[in-house]
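> Next comes the sequence, and after it the predicted model I'd like to discuss.
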Amino acid sequence: MKIYSSIFNKISNSRIKKLLSKSAVQYLLLVLFLLLGTLGIFILSLRPDKVDVNLGQRAPQNIHAPKTIEDVRTTENLRNEASNAVEAQFRIDSDVRNEVQRDIENTFEILYSVKEDEDLTEEEKTKAMQDENPVTLGENIITGALSDSRESIEHLESYLYEIAAEQLNGGIRLEDLPTVKASAEESIRSLDDFSEPLKLFGIRLFSQSIRPNEFYDAQRTEELKQQAMEDVDSVIIGQDELIVREGERISASQMQILRELGLLAEDGRLDYLLYLGIIIIVMLLLLTLVFYLMFFHKKLIYDLKSLLMLVLIILSTLMISKVFSVIGIFVIPVATAAMLLSILINPQVAIVSNIILSVMAVLIIDNSLTLLIMLMVGGTLGALMAYRTQQRGNILLSGFVVGAANFFVIMGIGFINSNEINEIFIHAGYGAIGGGFAAVLTIGTLPFWEWAFGVLTHLKLMEMSNPNQPLLKKLLLEAPGTYHHSIIVGNLSEAAADAVEGNALLARVGAFYHDIGKTTKPYFFKENQFGVDNPHEKIKPLKSSSIITGHVTDGLKVAKEHKLHKDVVEFIKSHHGNTLVAYFYHKEKELNKGMGGVEEEAFRYQGPKPATKETAIVMLADSVEAAIRSIPEPNKEKIENLIEKILQGKLQDGQLEESHLTLKELQRIKTVFMNTLLGIYHERIEYPEEEGNKI
């Protein structure tokens, strides 16, 4: 049991436990949603429509091939025709010629031998010739040949060799043998050099000796047939090629093609290769996006809301693009996703997502290289143009740039590939309109994404910095000194954040709202005490400290009431960190001399400490601006010393340890504060007084 308990504990503390956590399930559901959503769009877009037709029926519409396929039946017919067109191949057996020549030679040798044997009678010579000769010759023929002169016989022998060689060299097939014999007989009979018996001897000998020497070569014939079949190219039906024209009767060959394409309603089979191809491509594209985020945007991987927004933008853009493609393929607003993601997340994610979306859109709409290049170029420019835009009207300018890029891409590639000028300009015009559609969709849907996912865009920040915002108006009317202080802190923070490559606009807006908690008790803060007594003189230091530190808690309540974004709320929470309210702390210590120690914790802000560059900069700017106002006749030396003192104090108190600011960046911040504050508190020129006036 101990062993099992140990194993269980190890498992519970391992990654398996993490995978089974709530967030892991959410990630899994998100991935499945993206995968199934993308697969669904691909399948609905690429799945061919079924047609209910039969052999010999007239086609109710034009039927096109949804993908490239081989016309197997036509290809097979053409290859069979090529195979049948190959002539039978024959080979000549050289041994047959030798055999024929040897038979003729043997016959003449016997003839010479018998003819010259003087011991034999004529009858005995004839009989010997018949017995010893393998060739069957008639008695009269032999007798006639024996009676002829040796010179004539030798002449006949030479002639037989000649005509046998001539015929055999050309090749003699079995079916040609009667013709060859007849030709030889005619040739011999036409000669006047021989007697009639000798001619008959030669004709009979040639007819008995000659034989076929050209035979059918099955192996060679088959090889040539195979080669002829291989030389016939496959008949390919390209994607979108017309298979059956409307009103045309459907042939057996066309039915076979429709069946192989899975277009027949009667055939319920699935095109497994199509679905396998879709799964492979979708998986590769989505894995590319996932790995890119894992390697280069790890923070985004842990932000489920942003990931969900990314997924929804990708899927909705694909669906909208499919709908818009009915108007024209170059109108599809894929650049909408690029501009939205650039504004809502960042341009790097926007550009990579646009590339993946472009490939997807081309696959489900039209396999056009021009379309692919247009979408990639236009989307990339849209993402770059929309980045950190501070006015919604600028998105229209981004759409104009996208439209112009689309126009020139289509026109440039069109001029390379075609001479149809009118068609090129029509397509380019559609591309330009597509850029406008993308901008309109971006402007129209951006507020939804900002609201639904709580994204604080630069556009939203600009709206929040408007003095007519209700909360800023409230601050101006109820705590005018704090409002003026916040404006100066905002200017300081914006300049400093820009110097350290932070989000300058966020720092500015955060500074505007950081002290909204002072609206609940404005006159307890020095900047709002115009011509009134300081209420802190009438209450105890601990109570004063509680009121001062309480403006953070009050600010959080006000922020909740006005539904401020969490990123702005962070400035309210952390602009004092857990610093000590030193004035009231030391005042309390003086009042309690000899009565025991004073708890420092009671006089500190609750925190947290600033966790970003922007919140840390607002803390420093807030402290510096408040301190500068207390300096009588500020000059460059006094301001520089005070800034240095405050920065060092925050460092030593550990307020900046979580902000990721470096010493080099702090030096830049100090320089920016110096330049900005010197511009505000510059030394004024003394003008001479005139009567009745004093400048």
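Looks like it came in fine. Numbers count the residues shown, from 1 in each chain.
> Now residue 237. Its backbone dihedrals?
Main-chain torsions, residue 237, degrees, to the nearest 10: phi -100, psi 110.
> What of residue 90?
Note on residue 90: its backbone torsions stand at phi -130, psi 150 [degrees, to the nearest 10].
> Same question for the one 3 residues further on.
Per-residue torsions, residue 93: phi -90, psi 110 (degrees, to the nearest 10).
> That one: how many residues sit nearby?
15 (other Cβ atoms under 10 Å). For glycine as for every other residue, the C-beta is placed from the backbone atoms N, C-alpha and C.
> cool, residue 174 as well?
Number of residues near residue 174 (other Cβ under 10 Å) recorded here: 11.
> Over to residue 621?
Residue 621: 30 neighbours (other Cβ under 10 Å).
> does the most centrally placed residue in the chain sit in a helix or strand, and which one?
Against the mean C-alpha coordinate of the chain, by Cα atoms, centre = their mean, the closest residue is residue 356 at 3.9 Å. Using DSSP states H and E, residue 356 sits in helix 347-365.
> Just the mean pLDDT for the next helix or strand after that helix, thanks.
Counting by DSSP H and E, the next helix or strand C-terminal to helix 347-365 is helix 369-386. Over the span of helix 369-386, the pLDDT mean works out to 94.
> Check which helices and strands helix 369-386 sits against.
Using 3 or more Cβ pairs under 8 Å, 6 or more residues apart in numbering; DSSP states H and E, the elements in contact with helix 369-386 are helix 335-344, helix 347-365, helix 393-417, helix 421-453.
> mind checking which of the ones you listed is nearest residue 214?
With respect to residue 214, and counting by Cβ to Cβ, the nearest of the helices and strands packed on helix 369-386 is helix 393-417 at 57.6 Å.
> how far off helix 369-386 does the closest one point, in degrees?
If you take axes from the mean of the first three to the mean of the last three Cα atoms, to 10 degrees, helix 393-417 sits at 150 degrees to helix 369-386.
> buried sites along helix 393-417?
Within helix 393-417, the residues that qualify as buried are 394-395, 398-399, 401-403, 405-411, 413-414, counting by 16 or more other Cβ atoms under 10 Å.
> Stretch 72-91 now?
Residues of stretch 72-91 classed as buried: 73, 75, 78-79, 82-83, 86 (neighbour count, 16+ other Cβ under 10 Å).
> Distance to residue 178 and mean pLDDT for the helices and strands packed on helix 369-386 - can I get that in JSON lines?
Output for the helices and strands packed on helix 369-386, formatted as JSON lines (distance: least, Cβ to Cβ, whole Å; pLDDT from 0 to 100):
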{"stretch": "helix 335-344", "distance to residue 178": "86", "mean pLDDT": "94"}
{"stretch": "helix 347-365", "distance to residue 178": "71", "mean pLDDT": "94"}
{"stretch": "helix 393-417", "distance to residue 178": "68", "mean pLDDT": "92"}
{"stretch": "helix 421-453", "distance to residue 178": "72", "mean pLDDT": "92"}
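> what's near enough to touch residue 646?
When contacts are counted by Cβ atoms under 8 Å, 6 or more residues apart in numbering, residue 646 touches 620, 623-624, 627.
> what do you get if the cut-off is 6 Å, keeping everything else the same?
623-624 (Cβ atoms under 6 Å, 6 or more residues apart in numbering).
> which SSE is it in?
Per DSSP H and E, residue 646 falls inside helix 636-652.
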